[in-house]
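Participant: could you work out the structure for the sequence below:
(one chain, ligands or ions: 1)
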Amino acid sequence: MAHLFKRNVLLGVTGGIAAYKSAELIRQLQLLGANVRVIMTHGAREFITPLTLQALSGNPVHTELLDEQAEQGMGHIELARWADLLLIAPATADLLARLATGRADDLLTTTALATAAPLLVAPAMNQQMWRDQATTDNIATLATRGVHLVGPAAGEQACGDVGPGRMEEPTIIAAAAAGLFQSGLLAGKRVVITAGPTREAMDPVRYISNHSSGKMGYALAQAAVDAGASTTLVSGPVNVPVPDGVHKVSVESAEQMLDQCQALLGECDIFIACAAVADYRPASIEQHKIKKGAEQLTLELVRNPDIVAAVANSAQAPFTVGFAAETNDVLSYARDKMQRKGLDMIVANDVSDQNIGFNSDQNAVTVMWSDGEQALPCASKNSIATQIVALIAQNKP
Ligand code: C5P
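Facilitator: Alright, predicted model coming up:
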């Protein structure tokens, strides 16, 4: 069933009588697993209070574009980056006109321009306003820009008219929002994803590891399942919930991760190496806990196998995607790494930027393949994952 598990839905509410249904819509989105934040226009606040939508969403409601306080917290750029989906319900005729002309004269329209997330609108207006040529033209313009539409429904209206223009029911809008993430782009494909850190044991109680949170790998697993793939995560120890429908194989060391990946190779069309594999492991694991004593302790390390290179160079190599975390000359090092390891695609990210990467919920990357590349600007890891999966589907032969 379509869901919005862990998706960040930014709900824009504009000034129509259907705004009272936004309260129920928040509930429906949450029932499907979404995190919801709300932007209200000034008109919307004439119909329903921010307090109601704040209590239901569990987050402060955003209303002002030019507000020092708001910009210090979550301003329009932060909201735009946070969103996996911008859903505007109800969307008035005025809002549709402002979107169609690209205006940025309040917080909602400015955020709509600033976000890379998909946009879904649920129009609500008088039937004659909906039928007006200006509204028809605006809807057509928005459709050419990839804006998704749900409704309007037809029937009796608040003003007494009967016809098309009623906002679609909240359950139907929430289902349409969820449906946008079920692309089917990888239907029938088998995807294996490595994620998280590895732990390299020194003795029975100690290990060498790193700070990888696993969030990016798990977001990719979610995106792969949503795209219709049968998906397996080979994961080091992390604290991230396993997305519904994903099969998880837990490992600790790099050698265990390699063994499990090789065992899955016969059933794998696409391999994505997102794990932060330790490059070295202790040359031997002490049988007993190493005792404290000498002032200095020397630990001998040996190189770990390169899992993604082994997969890419295997006899039945799947379409293989690696990651490259770099601090300088990011793109040239990443392209070099792609060629050296024999990969089909590489996702380069600049880890010198503290706001993205390892433990953050956001990322900004450039995806590179043999004869092309695409930059994906800063967005939630879920949104980046969905975009990476779409690029894999486009490039996989
Ligand atoms: O060589 P480097 O560690 O920078 O390469 C990063 C890419 O290689 C990532 O995709 C990572 O998952 C993969 N990798 C691996 N096995 C290793 C080291 C890195 O699969 N031992």
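
Participant: what are the buried residues along stretch 241-261?
Facilitator: Going by neighbour count (16 or more other C-beta atoms under 10 Å), the buried part of stretch 241-261 is 243, 246, 249, 251-254, 256-258, 260-261. No exception for glycine: its C-beta is placed from N, CA and C like everyone else's.

Participant: likewise stretch 311-328?
Facilitator: Applying 16+ other C-beta under 10 Å to stretch 311-328 flags 311-312, 314, 317-326 as buried.

Participant: narrow those residues to those in helices?
Facilitator: Within the buried residues of stretch 311-328, membership in helices is found for 311-312, as judged by DSSP state H.

Participant: re earlier: next, format the buried residues of stretch 241-261 as a markdown table and append secondary structure, distance to residue 15 and pLDDT.
Facilitator: Shown next, in a markdown table, are these (DSSP: H, G, I helix; E, B strand; the rest coil; distance: C-beta to C-beta, whole Å; pLDDT from 0 to 100):
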| residue | secondary structure | distance to residue 15 | pLDDT |
| --- | --- | --- | --- |
| 243 | coil | 37 | 91 |
| 246 | strand | 41 | 96 |
| 249 | strand | 51 | 98 |
| 251 | coil | 54 | 98 |
| 252 | coil | 56 | 98 |
| 253 | coil | 58 | 98 |
| 254 | helix | 57 | 98 |
| 256 | helix | 58 | 98 |
| 257 | helix | 54 | 98 |
| 258 | helix | 58 | 98 |
| 260 | helix | 55 | 98 |
| 261 | helix | 54 | 98 |
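
Participant: hmm, back to that, among the buried residues of stretch 311-328, which ones lie close to the ligand?
Facilitator: 322-324 (C-beta under 6 Å from any ligand atom).

Participant: if I look at residue 199, how far off is residue 242?
Facilitator: According to C-beta to C-beta, to the nearest Å, residue 199 and residue 242 sit 19 Å apart.

Participant: what does residue 193 give?
Facilitator: In terms of C-beta to C-beta, residue 193 sits 12 Å off from residue 242.

Participant: intersect the buried residues of stretch 241-261 with the contacts of the ligand.
Facilitator: Okay, of the buried residues of stretch 241-261 touching the ligand (C-beta under 6 Å from any ligand atom), that's residue 254.

Participant: so which of the buried residues of stretch 241-261 comes closest to the ligand?
Facilitator: Minimum distance to the ligand across the buried residues of stretch 241-261 is 5.5 Å, recorded for residue 254 (C-beta to the nearest ligand atom).

Participant: wait, doesn't the closest one sit right on residue 199?
Facilitator: No - contact between residue 254 and residue 199 fails when scored by C-beta atoms under 8 Å: they sit 9.2 Å apart.

Participant: what's around the closest residue to the ligand within the stretch 1-150 of the chain, how many residues?
Facilitator: Residue nearest to the ligand within the stretch 1-150 of the chain (C-beta to the nearest ligand atom): residue 6, separated by 22.4 Å. Neighbours of residue 6 under the rule other C-beta atoms under 10 Å: 18.

Participant: that one - that's part of a helix, no?
Facilitator: No - applying DSSP: H, G, I helix; E, B strand; the rest coil, one finds residue 6 to be coil, outside a helix.

Participant: coming back round to it: export the buried residues of stretch 241-261 to CSV and tack on distance to residue 274?
Facilitator: Shown next, in CSV, are those (distance: C-beta to C-beta, whole Å):
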residue, distance to residue 274
243, 14
246, 13
249, 14
251, 14
252, 17
253, 17
254, 14
256, 17
257, 11
258, 15
260, 15
261, 12
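
Participant: what would the buried residues of stretch 311-328 look like in a markdown table with pLDDT?
Facilitator: Formatted as a markdown table, the buried residues of stretch 311-328 follow (pLDDT from 0 to 100):
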| residue | pLDDT |
| --- | --- |
| 311 | 98 |
| 312 | 97 |
| 314 | 96 |
| 317 | 95 |
| 318 | 97 |
| 319 | 98 |
| 320 | 98 |
| 321 | 98 |
| 322 | 98 |
| 323 | 97 |
| 324 | 95 |
| 325 | 90 |
| 326 | 89 |
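
Participant: with that, I have no additional questions.
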